[in-house]
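A.B. asks: Provided below for reference: sequence and predicted model.
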Amino acid sequence: MEPLGAKLRQRRQGLSLTLDDLATRTGISKPYLSLIETGRVPNPPSEEKLRALERELGFKAGELVSQAYLQRTPLAVRTMLSELLNGAAAATGKGKTASSSADQLLSRLIQQLAEKPDGALELPTNAIPVINTVSGGYPRDFKDLSYPMTVATDFVACPDVRDKDAFAARVVGDRMSPRFCEGDIVIFSPGLTAHSGDDCFVRFVDGHTSFKRVFFESDELGQPICRLQPRNHRHPATVVPTDQVAELYRAVYCCHWVDATVD
């Protein structure tokens, strides 16, 4: 399968569009588009961004989304399904035709699994996927187990969260203590607007992430900046230009372990 970034660049150049042109049309920042095209983001873009790219670059509706679902699926699962589908396709076709049919079937299967998890998995009501960890310290690569957002190996139920794109992550480190301690599971809602002073999952344009309290400020030249402030006062804040921040996901719930042995 042609890499997503190379596919986007080829189509963009074929339409004689610059990165600036595409950024204006889609609302996606130029630096992030460049990272996507050069394959320097650890995960495919969000479904919203992919649909905007499909629309502006003339792809068939769902084509990029399906490929992203496929790329996010663990290699072992893709390999197993591909072998099964290749065998089925080989019974009705030959050579490249059979392989192409298998790829298309696999892509559709993965997308259906991600879009309709209730038909394939027994999930709790309002199930929210838990995706690896989020660092309360130095930004680290965001890795969501290579699953689509709605397919994961662990879930947490939260009755008051209605955001279909909500996700949870386990806290690493002590920089957000005492409010958020190491091992706590924090639920984030991409559907909510982040305000100055909110605790947020921060995704940078280079693909790294962090978990900090976010303040929107201006530097001495009047340029917009984000101050990323740990809640633990022993650790210093980090200041970055706002154009280095790709996404802010607001924290809405925290689940922590209660030690029953403590009186």
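C.D. replies: Yes, it's here. Numbers count the residues shown, from 1 in each chain.

A.B. asks: what about the residue lying closest to P45 once chain neighbours are set aside, distance to G183?
C.D. replies: Excluding the flanking residues, the one nearest P45 by Cβ to Cβ, 6 or more residues apart in numbering is I36, at 6.0 Å. To be clear about C-beta, it is placed using only N, CA and C from the backbone, and glycine gets the same treatment. Going from I36 to G183 by Cβ to Cβ, to the nearest Å gives 33 Å.

A.B. asks: which one's more surrounded, the two?
C.D. replies: Each of I36 and G183 has its neighbours counted (other Cβ atoms under 10 Å); I36 has more, 21 against 12.

A.B. asks: the more buried one falls within a strand, correct?
C.D. replies: No - applying DSSP: H, G, I helix; E, B strand; the rest coil, one finds I36 to be helix, outside a strand.

A.B. asks: low-confidence ranges in this structure?
C.D. replies: Across the chain, the ranges flagged by pLDDT under 70 are 1, 42-43, 72-126, 132-154, 259-263.

A.B. asks: now do the strands in it.
C.D. replies: 127-135, 140-141, 155-157, 167-172, 185-189, 198-204, 208-218, 224-229, 238-241, 245-255 (DSSP state E).

A.B. asks: next up, the contacts around the nearest residue to R9 once chain neighbours are set aside.
C.D. replies: Distances taken as Cβ to Cβ, 6+ apart place E37 nearest to R9, at 4.3 Å, with adjacent residues excluded. Contact analysis of E37 by Cβ atoms under 8 Å, 6 or more residues apart in numbering lists G5, A6, L8, R9, R12, L19.

A.B. asks: which of these tops the neighbour count?
C.D. replies: Highest neighbour count within the contacts of E37: L8, with 21 neighbours (other Cβ under 10 Å).

A.B. asks: so it touches E56, yeah?
C.D. replies: No - the criterion here is Cβ atoms under 8 Å, and L8 misses it with E56 at 10.4 Å.

A.B. asks: comparing the strands of the chain, which comes out most buried?
C.D. replies: Mean neighbour count (mean count of other Cβ atoms under 10 Å) peaks for strand 185-189 among the strands of the chain, with a mean of 23.
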